[in-house]
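1. Sequence plus the predicted model coming up.
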Amino acid sequence: MPYFHTQTNHSYMSIRKSQFFLDWRTQPKNFKLYPHFQIRFKIDDFEALKDLNLIGGITFEKQFPQGKYYLRTNPTAGGLFPCEIYLQIRGVQGIISGIYHYEPMSATICLIHEIDSDGVEHYFPNQNKQQGIIFLISSVYFRSSWKYRDRAIRYILLDSGHALGAIYAAMCVRGEESTINFDFDKLTLNSIFGMRDDEMLMVSLQNTNQQSTLAQNIKLQFPYVAGCDFLETNHFIEEAYQKSAIFHDQLIQKISFFDGMNSTELKNAILSRRSIRAFKKLSITKEEFDFIVKDIFDFAKNHSIDIFYTLHNVDELDQGLYKNGTLQKKGYYSGKSKYLSLEQNLGGDSCVTFYFTSKEIEKYQKVTILSGFLAHIIYLKSEIKSIGCSGIGAYYDEDTKEFLNTKNNILYLLAIGR
C-alpha cells in the first residue's frame, strides 16, 4: 500500500499525541486571483456558459469578526477549499477559444492563454482537438496542510473528487454528458500552467466533441500566480503527489447518476446542499436509501473501490454491516461507527455510515478522488430527499480495517441521516 497513506494513519494514541495550537488568524487565503489587467468574462453574460457557476460558485456567506466566510457548491475538509478550476474552451460560440481560470468570488472566467492549433489535448493520450469545455482541477495543498499537515495529502484528493462531482452535476443540469480522465501528463501541464510544487493538477472532466485534427503543444509557459498569500512547504505531500500522479487509465464515460432527473430539482439541490452538523436520529425509508445508492456500488466496484456501510436506522432493512450492498453480519453498530469516526456523534447517530475503501496502489490518486466523487453524488441525492449528509475524513485507520475485516486502505467515511 502507498507509504504516504500508512504514514498518515490515525490511531487512538496518535490523535492524542499530535495536538497542536492552530491560530485561525494565520489561515492562508483560499481564492487564487490572476492579475487585474487580464481579461475576464462574466459567466452570466453568455448563454453558452449558462449554469457554469454551479461548478464551484458561492452559495452562502457567513460573517465572522475576522471577516466573511464563503460556502460553495462543493464541500471541503475543514472549510479550507484547496481546489482551483481551469477550463479550456474551444469552438464555443461567442467565447474566445482559450484556457481560463474560474474565479468564484466574481463569477467570472479569466483568460490565461488564447488557443488555436495548440491546446491541453496535446498532453492527453488522444491528442485530437476537443470542441467544447475541458475542465482541469488542481489543488493548492498548503490551504489544507496548514491545518492537517501530512494527512492533507488525503484531503486534497478527496476535495478534488468533490469538485469533480460538482462539475459533473452542473453538466447534468445543462443536459450534457461528461467524460472523466485521469490519464494525462499532469507534471508537464503543471509546468506549462506556471504552477510550482505548491499547486498540482489532479483530474480532468471533458464536456466535448472530438475533432479530426491533432492539437499542438503549448509553447508559451504561463506566469506563476500564487494560490496562497504565504506558503509552508511540505516535501512529504509534494513527493507523494509526484510519485502517484502518472498512471495509465481508461476514460470514464456514460456516467448516469442523474439520468432522467428534473434539472431544476437537481440545480436546487446543488445550491442548497450543506454539510449537516448533527442528526436527530430519525429514520429514512428503504425507498429513499435505494434512491441515494442507485448505481453507486456498481460504479465503485468497476473502479476497484469497495464500499462498506453500517446501517443503523433504515425502515424495512436489517441493521448491520454491509459490503457493496450485501449484508455481512447483523448487529447494531452505531456505537462502533461513532468510535471509529474519532468518537464523533455524526458517525454513530446517522442512519447509514459509509466506508470507502480500496486495495489499489498504482492508481491511488484515482480511487481516492473517485471516493470523493461518489460521496458528492450521495450528498446531492440525499439533499434531493431532504436527508442530511456529512463527510468524515478523520477516523482510526487500523481499527476501521479490523472492524470491516479488510486489508483495503480506508479512504473516506460519509454519514447520512435525519
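-> Here it is on my side, so go on.
2. show me where the stretch 301-418 of the chain has strands.
-> Taking DSSP state E, counting those that start in this stretch, the strands of the stretch 301-418 of the chain run over residues 306-311, 320-323, 326-330, 352-358, 388-392, 409-417.
3. Tell me the backbone dihedrals of residue 98, please.
-> When read as degrees, to the nearest 10, the backbone of residue 98 gives phi -180, psi -180.
4. For it, which residues are in contact?
-> By Cβ atoms under 8 Å, 6 or more residues apart in numbering, residue 98 lies in contact with 88, 89, 111, 112, 113, 114, 115. Heads up, the C-betas are built off the backbone N, CA and C, glycines and all.
5. which parts of stretch 115-127 are buried?
-> For stretch 115-127, the neighbour count (16 or more other Cβ atoms under 10 Å) marks 115, 118, 119, 120, 121, 122, 123, 124 as buried.
6. Likewise for stretch 216-229?
-> For stretch 216-229, by 16+ other Cβ under 10 Å, it's 218, 222, 225, 226, 227, 228.
7. Next: stretch 310-328.
-> Quick answer for stretch 310-328 (16+ other Cβ under 10 Å): 310, 311, 312, 313, 314, 317, 320, 321, 322, 323.
8. Give me the contact list for that stretch.
-> 281-286, 289, 293, 297, 300-301, 306-309, 329-334, 336-337, 348, 350-353, 355, 403-405, 417.
9. sorry, back to before: report the buried members of the contacts of residue 98.
-> With neighbours counted by 16+ other Cβ under 10 Å, the contacts of residue 98 contain buried members at 88, 89, 111, 112, 113, 115.
10. hang on, isn't the first one packed against residue 122?
-> No: with the criterion set as Cβ atoms under 8 Å, residue 88 and residue 122 do not qualify as a contacting pair; they are 10.9 Å apart.
11. TSV for the buried residues of stretch 115-127, including secondary structure and distance to residue 255?
-> What follows is these, written out as TSV (DSSP: H, G, I helix; E, B strand; the rest coil; distance: Cβ to Cβ, whole Å):
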residue	secondary structure	distance to residue 255
115	coil	26
118	strand	29
119	coil	24
120	helix	21
121	helix	20
122	helix	25
123	helix	23
124	coil	18
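12. So which of those is the closest to residue 44?
-> Of all the buried residues of stretch 115-127, residue 44 sits closest to residue 115, with 23.7 Å by Cβ to Cβ.
13. returning to that earlier point: between the strands of the stretch 301-418 of the chain, which one is nearest to residue 179?
-> strand 352-358 (21.7 Å).
14. if we can go back for a sec, export the buried ones among the contacts of residue 98 to TSV and append columns for pLDDT and secondary structure.
-> Formatted as TSV, the buried ones among the contacts of residue 98 follow (pLDDT from 0 to 100; DSSP: H, G, I helix; E, B strand; the rest coil):
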residue	pLDDT	secondary structure
88	98	strand
89	98	strand
111	98	strand
112	98	strand
113	98	strand
115	98	coil
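15. of all these, which comes closest to residue 398?
-> Looking across those and measuring by Cβ to Cβ, the closest to residue 398 is residue 88, at 42.5 Å.
16. ok, now which ones touch the closest one?
-> Counting by Cβ under 8 Å, 6+ apart, residue 88 touches 98, 99, 100, 115, 119, 120, 130, 133, 134, 136.
17. Excluding chain neighbours, give the residue nearest to it in space.
-> Of all residues not flanking residue 88 in the chain, residue 134 sits nearest, at 4.3 Å (Cβ to Cβ, 6 or more residues apart in numbering).
18. ok but the one you found is inside a helix, no?
-> No: per DSSP: H, G, I helix; E, B strand; the rest coil, residue 134 lies outside any helix segment and is strand.
19. Measure how buried it is and give me the count.
-> 23 (other Cβ atoms under 10 Å).
20. pLDDT value on it, please?
-> With respect to pLDDT, residue 134 has a value of 98.
21. Can we start the residue count at 274 from this point?
-> Right, with 274 as the first residue, what we last looked at is residue 407.
22. For it, name its beta-bridge partners.
-> Following DSSP bridges, residue 407 is listed with bridge partners residue 361, residue 479.
23. quick one: it and residue 388 touch, right?
-> No: counting by Cβ under 8 Å, residue 407 stays clear of residue 388, with 10.6 Å between them.
24. which neighbours do those two share?
-> Taking Cβ under 8 Å, 6+ apart as the criterion, residue 407 and residue 388 both touch 361, 363.
25. Now the terminal residues of stretch 283-295, how far apart.
-> 19 Å (Cα to Cα, to the nearest Å).
26. Would you agree residue 467 falls within a helix?
-> No: assessed by three-state DSSP, residue 467 does not belong to a helix; its assignment is coil.
27. thought residue 333 was touching residue 346?
-> No: Residue 333 is beyond contact range of residue 346, at 10.2 Å (criterion: Cβ under 8 Å).
28. Those two: which is more packed in?
-> More crowded of residue 333 and residue 346, by other Cβ under 10 Å: residue 346, with 25 against 11.
29. what separates the more buried one from residue 435, distance-wise?
-> Going from residue 346 to residue 435 by Cβ to Cβ, to the nearest Å gives 9 Å.
30. ditto for residue 323
-> On the measure of Cβ to Cβ, residue 323 and residue 435 end up 22 Å apart.
31. Please identify which of the two sits among more neighbours.
-> Shown here are residue 323 and residue 435; by other Cβ under 10 Å, residue 435 has more neighbours (26 against 12).
32. what's in contact with stretch 637-647?
-> With Cβ under 8 Å, 6+ apart, stretch 637-647 has contacts from 275, 278, 427, 430-435, 437-438, 441, 453, 455, 475-476, 517-518, 520, 522, 569, 572-573, 576-578, 580, 629, 631, 633, 664, 682, 684-685.
33. Okay, helices next: where are they in the chain?
-> Taking DSSP state H as the criterion, the chain contains helices spanning 276-279, 285-290, 415-421, 425-446, 459-465, 508-517, 536-545, 559-566, 569-575, 607-613, 618-622, 637-657, 670-677.
34. right, so of the ones you listed, which gets closest to residue 351?
-> Closest approach to residue 351 among the helices of the chain (Cβ to Cβ): helix 415-421, 5.2 Å.
35. neighbouring contacts of the closest one?
-> 295, 299-301, 303, 350-351, 353-355, 425, 428-429, 432, 471, 500-501, 504-505, 507, 510.
36. Mind checking which of the contacts of stretch 583-601 are buried?
-> Buried, going by 16+ other Cβ under 10 Å: 556-557, 562, 566, 570, 573, 579-582, 606-607, 609-610, 621, 623-626, 628, 676-677, 690, out of those.
37. Name whatever forms a beta bridge with the closest residue to residue 665 other than its chain neighbours.
-> Spatial nearest neighbour of residue 665, excluding adjacent residues (Cβ to Cβ, 6+ apart): residue 686 at 3.8 Å. Under the criterion DSSP bridges, residue 686 forms beta bridges with residue 628, residue 665.
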